[in-house]
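**Q** Dropping a prediction and its sequence here:
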Amino acid sequence: MIYINSFKNFFQFIIDPLSLPKPWTLKNYEYAVESFNYFRLLLNNLVFESVSLFFIVLLGAMAGYTIARRPSRFKRIIYIYIVMGITLPTYTALYPQIRLISDLGLTDTYAGVIVLYVAAGMPMSIFLFNGHFGGASSELEDAAKIDGCSYYRQFFSIFFPLSIATCATLVLVQAVSIWNDTTFTPLVISKDSAKWSLMTQLNTAMGRMIGQGTRWERLYAIAALCMLPMIVLFFFVNRFLIQGVAEGAVKG
């Protein structure tokens, strides 16, 4: 219904919000692109998403592999300590996080927001990769050692390429979480709203429009554009998820 109503004008939406548009109009999308500054905000989101997901996947995979495959007396304690971060709501530690960003001089920068996203995503990343690498066959590791592979080459050339399904799951979960976040961006970047994310600006636009008389058809167009990248990402990542399920079903 969001997409259908986004193609209606104001009077069509008021008279019959459940019917198909007659005629179809793109004026709401023109408003979203021009007045909402959609493409600038989309670029902000792409920066937040791509850089954050890169470090969440890479660092989480390396930490999960080390905890799962390297013998250590304390790895169980370290693993439990890290994974406990999944059970703690992110917003309970907002003040020390924002204070740390301020002390590091990262206020009003993209880097400050990205650091918080990476920190919030690491417990889930380590949890998933630890489970994946912990269940991998030790024969692969033994064969790599016999062939003279170093510890790092074992990870990057053998084990990490086998974790595509885990990567896809993590990317989808964290991408949606980062995309829908409306807290970190305005707290870190308080002086320049042009650097905010799409969803943060959508919340601001909703408050402004409700105060001035709500134009729901315009809000639906903005919301439709905000949802579109995540829908595209789901269809792209979905085949890797299905591939991982299929491989797991015939394992052994």
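**A** Thanks, I have it.
**Q** For the rest of this, base every contact and every neighbour count on C-alpha atoms.
**A** Fine.
**Q** Could you count how many residues lie near Tyr152?
**A** By other CA atoms under 10 Å, the residues close to Tyr152 number 10.
**Q** likewise Gln174?
**A** 24.
**Q** surely it meets Gly121?
**A** Yes. Assessed by CA atoms under 8 Å, Gln174 is found in contact with Gly121 at 6.7 Å.
**Q** helix or strand for Gly105, which one?
**A** Assigned by DSSP states H and E, Gly105 falls within no helix or strand.
**Q** nope, Leu187 is what I meant
**A** Leu187 belongs to helix 184-188, assigned by DSSP H and E.
**Q** Phi first, then psi, for the closest residue to Trp24 other than its chain neighbours.
**A** Nearest non-adjacent residue to Trp24, counting by CA to CA, 6 or more residues apart in numbering: Phe7, 5.4 Å away. Here is the backbone geometry of Phe7 (degrees, to the nearest 10): phi -100, psi 10.
**Q** same question, Phe36
**A** According to degrees, to the nearest 10, Phe36 has phi -90, psi -10.
**Q** can you start the count at 104 instead of 1 from here on
**A** OK, 104 is where the count begins now, so the last one is Phe139.
**Q** number of nearby residues for it?
**A** Residues near Phe139, counting by other CA under 10 Å, number 17.
**Q** Equivalent analysis for Met104, please.
**A** The burial count for Met104: 10, using other CA under 10 Å.
**Q** What residues does it make contact with?
**A** Leu121 (CA atoms under 8 Å, 6 or more residues apart in numbering).
**Q** Same question for Leu336.
**A** With CA under 8 Å, 6+ apart, Leu336 has these contacts: Leu275.
**Q** ditto for Ser155
**A** Contacts of Ser155 (CA under 8 Å, 6+ apart): 217-218, 220-221.
**Q** how about a cut-off of 10 Å?
**A** With contacts defined as CA atoms under 10 Å, 6 or more residues apart in numbering, the neighbours of Ser155 are 149, 214, 216-222, 224, 274, 277-278, 281.
**Q** same thing with Thr288?
**A** By CA under 10 Å, 6+ apart, the residues touching Thr288 are 151, 211-213, 215-217, 219-220, 296, 298-300, 302-303.
**Q** repeat for Ala247
**A** Going by CA under 10 Å, 6+ apart, Ala247 touches 241, 253-254, 256-257, 260-261.
**Q** One more: Met333?
**A** For Met333, counting by CA under 10 Å, 6+ apart, the contacting residues are 275, 278-279, 282-283, 339.
**Q** Next: Leu121.
**A** Contact analysis of Leu121 by CA under 10 Å, 6+ apart lists 104, 107-108, 115.
**Q** For PyMOL, write the select line for the buried members of the residues you listed.
**A** Buried residues among the contacts of Leu121 (16 or more other CA atoms under 10 Å), as a PyMOL selection:
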select buried, resi 107+108+115
